[in-house]
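[1] can't give you the sequence, but here's the structure:
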């Protein structure tokens, strides 16, 4: 397949690397997007790559891929692959994504973009170079594509909350609150880069910047590891698992808290933790502007709360918008109003948006540059935390 | 395909009749179930039937069926079809389902089972006869398969709320609250049998009986049509549409309210309406027992509220259970805790349960007899409404 | 004190009969109203009457009354008493209230107005006669005076929800859900007249009629007593107590469910129970109209939910109105916005409204006629329940 | 009255200084506490002091004080005054409170204790000296006395959430979000000391330290003034008012955000703002511990949410505790379960606790030392904000 012809005959051949939690979510999206949305290119699930031949073959079968391989480099030379979908841990993102872009393949890369700013810069540079040849790259901050979040962005863009004064953004999980929860790869700095900060903090940084349309100009941050030694796993599930014998060190943060200034002057507070008992996967975003407010909690993902300061005093109040109307983002393609969506729908929407952009030759968002911007914030938080919360400037790239 | 061998070589060939709202939901389920669940038979989406050749062919393509036909009777003679999935309006259920069962095909039939008790009785009888030959039938009350509802049933079964005292069950929609909402087939008694009562009231009757494990022994009911004349449609969506020229009569109920007695002595209150502004698709079920209570609202479908009267007075309170744990029904096959499911997942679960039952040669639930029981309640409500709410006994079948 | 001069020198002398739960609430209101509201007459808490001399003297001291007496008839002859406040169980209401009105005293009488329609009719007649002489009577449905309920009424009056289609009204308590909860006077038909129906069902009937501005034209009802025998009390608190030795019969209903038709054609569903585990005192009122909806739950009493069907589809949603704004009923006299009120404030508002009406020589609402109307509904529910839920007409008085 | 005999003949004579918002709340509490609680000393509302003779006389009458004076110093020499209740703005607290303590009067002083650490230190020292003579001082952080907050403290004390990992505490108001809201004294640094930080931030600092039983060991902070110039008021209400002619400068912060470390190692995030549209008076406190979590929002003040990690996985979930049970703090003296309390009840509870402590000769909590501790945090936040959020240590006093 040539770059000029992504998706021979109106198709987009996809090769995926990795097939765990994210691989399953991405596979579902590639399968499902063309069933509910009119796409200008039909995705073809050509091949999935993984290290263990038997396991990847089984995954291909279960997830609906036409073939499997033990080398992700195979994807780069296949003519029937127009896009490489990177679903591996962060330490491998840079190598795979850059190679794929250089090989002329579009890239969808899971977040965080990389495990370090240096890697992320190289990736963003590679994406810039590739874009000149029409090869496009996107990073997978899927929570942007929850309909309620898209609606929030739309309301902000339309000026319906005015100038942003406050952002409070939290990503709260509890799968490590039990000190006997076993060591997973996400607790190993080599693989994961960082802990709660990069894994889930990255999401709320992106959400805050995306919905406000602003960027952080600096941060003060703190990191903490509450449990330094954990049982080695007997078995692991996506998050969590069963403790086995022996223990090993946790080398990443369990929790991150930080505050920052938005480019428009607003104040932002962030929190990412895996120690919030009872909050399984609670992503909360609340924004107060000069003309109104919005509030979201992923625990009730089909709802956006919106306060319009222009409403008369007697009936003003947060509106609980059930974001399932045909007028809402994405939802007209699914079910009638009130029939809510779930977690994986945002991955399907990601495929839809990506395919539309590829077909139009448009840069998809979030770009690798957007991913780099998040990476710079993560880095600044880590540096601030190392200096007792001192202010770290995030100067806009020149 | 012989009856003894449903799904040659470990497959289950499926033929679907109808491809509108329910057809899309069922198709998604047939596609998705084998990707997330280990099934003993692999569903094969052989053929979809519809009256308009071009439209049904397009639907087959969009929804993932291998072929299409304009005659549902074709499905009965195809060897590669082991199950007929009936997704048409209620006036056609009896004819199709009975013919399919007689042809030795398993049947999954959308709710309500039929438009009348007479039809439903014939269907239940056909199902009984077929079952003797190992041909099995199931009616599609999918809301049973929302994980929170399954958990509710489990808690009741385990005695965790004790003896049932009260049930309040509501199905509230608002797509007809606007008098300019156009006439849809759901407002035509000939096609739909009844209005809110049969379309959505049937769901809450089934839910109440399923979760309590009891049956209604009688009812007092009222029906109402608030808007008797509506614009004929220029175009229709699943629920709703655009008004065109001229008007026509609404021949079904807009709303139904009824109260009944459960076989265990508890009191039950029901409401089904399409006139509850702001409630898009709110299915509420609250049950108070002698040892605790449960509450559910489909607007927050991943949550079950549970009150345990045995908790100490100081900390007793409704528990907001986020039903996404591996220990919860179905959810371990999807995503990590806190990553919620959506409307269509219950259809996927329906396929899973049905396939497991077929492979085991077990009668699936809800059976046609269960569907008939709901139909008898619907009929009793209509008869009561015609007699100013007089009590109508629902004597158990002998 | 002459009738022409209620409250010599700008005062309103008050004599209260009974000093238990309701007596405490009324006393607080008489003490507090003049501190937060400008009243044209200053209430003077002259005397409280009760049967036990020592107990009533202690109550007078504790609740802030100037004196006490063991005979309520003393109040009728005291010149310094302009109003008799009746806080006794329902079996004594008629005798006391009628005597007081005949003695030229204004009357505030707790709900339900009486234990039977016959008594209530006599009371309403006495109130009519008294009114001709400027002596006024009011029945104490205090929940009307929760600010959120007043706001609901205001919105309905202003047409902001249009024509009423549905009312669902529930009063849910759980203090009898435990079969070992002891026999209280509220479970004795002689004293209480009825059980959940008259005690708490009366409130939701009044609320539904008050907020909609309509009346019930007929009902179908069911009553149930789940626990027929209870321990005699060792000691009693307001609701509940400690079980002692021996048991006695429960002679009232534990729960009432009924449905009715509103004068404007809407459908109404009611439920009153003391068996809803986890619902301590949950009064829920939800009304769907042709132009919007409102919803209230006393468990969150400072909030009214309002859906305006005129809002644009993208941002329409139930508004969570925190009813504490200066523009809201009563609340401007209390604290700044967001500083919520509690249960007893509605009693204070009752005093405020009553005193304003007395000073203006205006008939207060709800009148004894309003109380009689509720009594007729209670009676109709009982009669319907005795006839297996048959329809009982509530013909408007002629 | 001698110090040895506070409250001659079982009475406690009270003199109050100031009679605005806080004066009204305190007056209600002094009036109401003895009506609902058995107090060992009966409060007597002897005198209220204010600068304007006519206004303070009217206030005395309206609020229930026996007399009034234009000089707060009069209170110090009156034998019938045993306690001085300081309800003035912060700039006068030190002078009045210290003088009162030196005159042998017990003191209840509104929060924040003072406008500076220096003043607060002097006050704490004066309180220490006075305590040696049996003269006691308390600072008025009334939100501690919301029953749900007391229950939260009790659960933490009992170890039911284990070791504290996270605190997120927010005090959100919106009365300044409109740039046309007029200049009030709370926006004048001379009078108020600071803005949102001292006025409402002080409350959440105290709540966080009180409920956890820990203290902050240091902070990183940011302050912001969004609107620097506001209309001078034509008239003012408690919060808010009507804009008049001309403008003046806002000399305090509109919002404060800060993060800190708790003495037990947990991370705490704080936010105080008057610019959160739609949040009238939302005080949120969420604490995650190693064994559970609690969450509170003053918008639903009668409820505490509690997650017990020991609950079985299937039914674990935040419990919505309606804090109105006889087993809950304070509530047994009010109404039956489910009959909620309001804002002013915490002031009544404050009087109850204070009077109990005075009668027992016990140091009341929070003491002036506790108030000083909060003041030190406020000061540290200001200093940190001046240094771009640099860490400021809060070394324990030696």
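    Thanks, I have the structure now. The structure presented is a predicted model; accordingly, all values stated were derived computationally and were not measured.

[2] How about the residues of the stretch 251-398 of chain A by chain D?
    A:255, A:257-259, A:261, A:265, A:267, A:269, A:271, A:273, A:275-279, A:288-293, A:307, A:309, A:316-318, A:388-391 (C-beta under 8 Å from any C-beta of the partner chain). Just so you know, the C-beta spots here come from the backbone N, C-alpha and C atoms, and that holds for glycine as well.

[3] Of those, just the buried ones, ChimeraX syntax please.
    Buried residues among these (16 or more other C-beta atoms under 10 Å in any protein chain shown), as a ChimeraX selection:
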select /A:255,257,258,259,261,267,269,271,273,275,276,277,278,279,288,289,290,291,292,293,307,309,316,317,318,389,390,391
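
[4] pLDDT at residue A:239, what is it?
    The model reports residue A:239 with a pLDDT of 78.

[5] Just confirm it is within a helix.
    No: looking at residue A:239 with DSSP: H, G, I helix; E, B strand; the rest coil, it is coil, so not inside a helix.

[6] residues in contact with it?
    Listed by C-beta atoms under 8 Å, 6 or more residues apart in numbering or on different chains, the contact set of residue A:239 reads A:173, A:175, A:184, A:186, B:336-337.

[7] how close does it get to residue B:335?
    9 Å (C-beta to C-beta, to the nearest Å).

[8] With pLDDT and secondary structure as extra columns, can I get the contacts of residue A:239 in CSV?
    Output for the contacts of residue A:239, formatted as CSV (pLDDT from 0 to 100; DSSP: H, G, I helix; E, B strand; the rest coil):
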residue, pLDDT, secondary structure
A:173, 98, strand
A:175, 95, coil
A:184, 88, coil
A:186, 89, helix
B:336, 95, coil
B:337, 96, coil
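
[9] closest to chain C among these?
    Relative to chain C, the closest of the contacts of residue A:239 is residue B:337; by C-beta to the nearest C-beta it sits at 24.2 Å.

[10] Strands of the stretch 151-300 of chain A, start to end?
    A:164-173, A:216-224, A:229-236, A:241-249, A:255-262, A:267-273, A:281-289, A:292-297 (DSSP state E, counting those that start in this stretch).

[11] Throw those into JSON lines and include distance to residue D:98, thanks.
    Listed next are the strands of the stretch 151-300 of chain A as JSON lines, based on distance: least, C-beta to C-beta, whole Å:
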{"stretch": "strand A:164-173", "distance to residue D:98": "38"}
{"stretch": "strand A:216-224", "distance to residue D:98": "37"}
{"stretch": "strand A:229-236", "distance to residue D:98": "52"}
{"stretch": "strand A:241-249", "distance to residue D:98": "55"}
{"stretch": "strand A:255-262", "distance to residue D:98": "37"}
{"stretch": "strand A:267-273", "distance to residue D:98": "36"}
{"stretch": "strand A:281-289", "distance to residue D:98": "39"}
{"stretch": "strand A:292-297", "distance to residue D:98": "43"}
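
[12] which stretch among the ones you listed comes nearest chain B?
    That would be strand A:281-289 among the strands of the stretch 151-300 of chain A, by C-beta to the nearest C-beta, at 2.6 Å.

[13] Is that closest one positioned near chain C?
    No: judged by C-beta under 8 Å from any C-beta, strand A:281-289 and chain C are separated, with a smallest distance of 14.2 Å.

[14] In ChimeraX, select just the buried ones from the contacts of residue A:239.
    To isolate the buried subset of the contacts of residue A:239 in ChimeraX, counting by 16+ other C-beta under 10 Å, use the following:
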select /A:173,175,184,186 /B:336,337
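
[15] From residue A:153, how far out is the residue nearest to the spatial centre of chain A?
    Centroid-nearest residue in chain A: residue A:141, 2.3 Å away (criterion: C-alpha atoms, centre = their mean). Applying C-beta to C-beta, the value for residue A:141 to residue A:153 is 12 Å.
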